[in-house]
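> after the sequence you'll find the predicted model.
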Amino acid sequence: MSATRNMSAFPTERESLYEERRLVITEGCTKVNKTIQNQSDLYKHKLLIDKKHLIYYCPIAKVSSTFWKRILTVITSQGKLNSPFEITLQGVKLSKIEELSTQEVRGLKESGDSFMFVRDPYARLFSGYENKLYNANLYFWKQIGSHVVHIVRKTHDIVYTKYGFDVTFQEFIKYILYLSESGRNINGHFSPMSNRCDPCSTHFNYIGKLETIADDAKYLISKWQKKFKDVNIVFEDFEKETVLDSARGHLRFLYETKRILNEIKFPFLKLMLRTWRDLQIRGLLSKNIEFPFKSTDKITREDYMNAIRGALEIPVNRTEVKLQREEALVQAYRQVPLEDMERLRKYVLQDCLLFGYDSRPAKLFDRSKPLKDEFLYLDGLQRR
């Protein structure tokens, strides 16, 4: 049974939504002068494949890729777990396209379920910066942050050029523009989504969006659980599990930076604050819940984790908390000059056309009104 015929067997409202998203892609491919390929080129992408259930996924960094790798790992390995957040990505290995036989590839094309996820390109860039440079992350501070400092600040201070631990969002955008306009390679966390997964050359049954991930995930997992008897995935509390899982990872990176504090001469309390702000920026923790620490004395990772657990128990208006994501986004882009915003528009334009996003959103480009909120999301960058 072909992928198209298989989809028509599910005449649901949700399937209609995915059909609409594919039509946007078809129109977008024309706008960017790309030809839709009748035969999907599976070898063009670094797909992750569940051979057992004929599911293949094209992961894009900063678009829930870790979450979906975990889901597929659960499905591939044992199919049953209380929550995918209970596992790591070690151990079970998802297949890659080059590891499959010609017959297996043919089976994927004829009857496989394929999907990818996208998100607003401006939000993805901000998320990449916030997650990899604003947050404590020694690897990205060394690999990317140090290069940002060298290119944008043009400083030779060995402390900054080694780690790049205090790069601002405005500096980050200037760096991306420099790389793009000079034809240099860009890290996959920040490069265009269509560079990683080209929907014009490969057909994907399901185009999920991060903005609707809860509904998209619920639908896809439900579909697979109905289709395959050995798949059973349960979430106790999706949002809470997401917060705790994210916090555990960030705290690990945070406490790793202790070994360079003598070099960078930067207050550890400021780095701790950034980890707290991360949860507020992502709309996972209310901005009205104050950072709980006044000093770093004897504050362990577990102490910090317990503080986060306690904050999650405080009653809040979830709708208002989720609005923080947009507040933080707008506040960050407000620091980027309009001249750079127009240059950035060219950088994200193809993704916007292919996936149905506004390439010049008023909330980011209209500077006629001052920002009302005085809460500083990207706090903790200054030494004092």
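Arrived safely.
> what mean pLDDT does the host helix or strand of residue 174 get?
For residue 174, the enclosing helix or strand under DSSP states H and E is helix 169-181. Across helix 169-181, pLDDT averages out at 98.
> hey, C-alpha coordinates of that helix in CSV?
C-alpha atoms of helix 169-181 as CSV (Å, rounded to 0.1, in the frame of the first residue of the first chain):
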residue,chain,number,x,y,z
PHE,A,169,21.6,37.7,21.4
GLN,A,170,22.4,40.8,19.2
GLU,A,171,26.0,39.6,18.8
PHE,A,172,24.8,36.1,18.0
ILE,A,173,22.5,37.4,15.2
LYS,A,174,25.4,39.4,13.7
TYR,A,175,27.5,36.3,13.8
ILE,A,176,24.9,34.2,11.9
LEU,A,177,24.5,37.0,9.3
TYR,A,178,28.3,37.1,8.9
LEU,A,179,28.5,33.3,8.3
SER,A,180,25.5,33.3,6.0
GLU,A,181,26.6,36.3,3.8
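> ok, the residue most central in space within the chain - contacts?
Residue closest to the mean C-alpha point of the chain, counted by Cα atoms, centre = their mean, is residue 62 at 1.9 Å. Residue 62 sits next to 119, 124, 127, 128, 131, 189 when contact means Cβ atoms under 8 Å, 6 or more residues apart in numbering. Yep, even glycine has a C-beta here, placed from its N, CA and C like the rest.
> list only buried entries from the residues you listed.
119, 124, 127, 128, 131, 189 (16 or more other Cβ atoms under 10 Å).
> for the strand or helix carrying the fourth one, packing partners?
With the criterion set as DSSP H and E, the secondary-structure element containing residue 128 is helix 121-129. In terms of contacts (3 or more Cβ pairs under 8 Å, 6 or more residues apart in numbering; DSSP states H and E), helix 121-129 is packed against helix 169-181, helix 324-333, helix 338-355.
> of all the ones you listed, which one comes closest to residue 113?
With Cβ to Cβ as the measure, helix 338-355 is the member of those nearest residue 113 (19.8 Å).
> now what about the helix or strand just after the closest one, what contacts it?
With elements assigned by DSSP H and E, the helix or strand that comes after helix 338-355 is helix 362-365. By Cβ under 8 Å, 6+ apart, the surrounding residues in contact with helix 362-365 are 122, 326, 329, 330, 333, 338, 341.
> report the buried residues of helix 362-365.
Using 16+ other Cβ under 10 Å as the test for burial, helix 362-365 gives residue 364.
> cool, stretch 106-119 as well?
Residues 108, 109, 112, 113, 114, 115, 116, 117, 118, 119 are the ones in stretch 106-119 that count as buried (16+ other Cβ under 10 Å).
> what mean pLDDT would you report for that stretch?
On average, stretch 106-119 scores 91.
> again with stretch 18-32
95.
> got the contact list for it?
With Cβ under 8 Å, 6+ apart, stretch 18-32 has contacts from 7, 35-36, 199-200, 204-207, 209, 350, 353-356.
> okay, now the unreliable bits of the chain?
Applying pLDDT under 70 to the chain flags the ranges 1-11, 38-39, 78-92, 235-239.
> longest strand anywhere in it?
Identified as the longest strand of the chain according to DSSP state E is strand 113-118.
> which helices and strands does that strand pack with?
helix 3-8, strand 55-58, strand 206-209, helix 213-227.
> redo those as TSV? Include mean neighbour count.
Shown next, in TSV, are these (neighbours: other Cβ atoms under 10 Å):
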stretch	mean neighbour count
helix 3-8	13
strand 55-58	26
strand 206-209	22
helix 213-227	16
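> how about these in CSV, adding distance to residue 97?
Below are the helices and strands packed on strand 113-118 laid out as CSV (distance: least, Cβ to Cβ, whole Å):
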stretch, distance to residue 97
helix 3-8, 16
strand 55-58, 8
strand 206-209, 18
helix 213-227, 20
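> just to revisit the earlier point, between the helices and strands packed on helix 121-129, which one is closest to residue 384.
helix 169-181 (18.6 Å).
> for the helix or strand just after that closest one, the distance to its chain's centre please.
Beyond helix 169-181 on the C-terminal side, the first helix or strand identified by DSSP H and E is helix 193-196. Distance, stretch centre to chain centre, for helix 193-196: 13 Å (Cα atoms, centre = their mean, to the nearest Å).
> got the contact list for the closest residue to residue 332 other than its chain neighbours?
Excluding the flanking residues, the one nearest residue 332 by Cβ to Cβ, 6 or more residues apart in numbering is residue 169, at 4.6 Å. Contacts for residue 169 (Cβ under 8 Å, 6+ apart) come out as 126, 129, 134, 332, 333, 335, 336, 378.
> how about 10 Å then?
Residue 169 makes contacts with 125-126, 129-130, 133-134, 331-336, 377-378, 381, as judged by Cβ atoms under 10 Å, 6 or more residues apart in numbering.
> residue 303 contacts residue 295, correct?
No: contact criterion Cβ atoms under 10 Å: residue 303 and residue 295 do not qualify, at 12.0 Å.
> so the protein: which segments form each domain?
Residue ranges for the domains of the chain, per automatic domain parsing: 3-120+192-236, 122-190+241-365.
> ok, back up a step: quick one: secondary structure of the residue nearest to the centre of the chain?
coil (DSSP: H, G, I helix; E, B strand; the rest coil).
> quick one: it from residue 132, how far?
9 Å (Cβ to Cβ, to the nearest Å).
> fine by me, we can end here.
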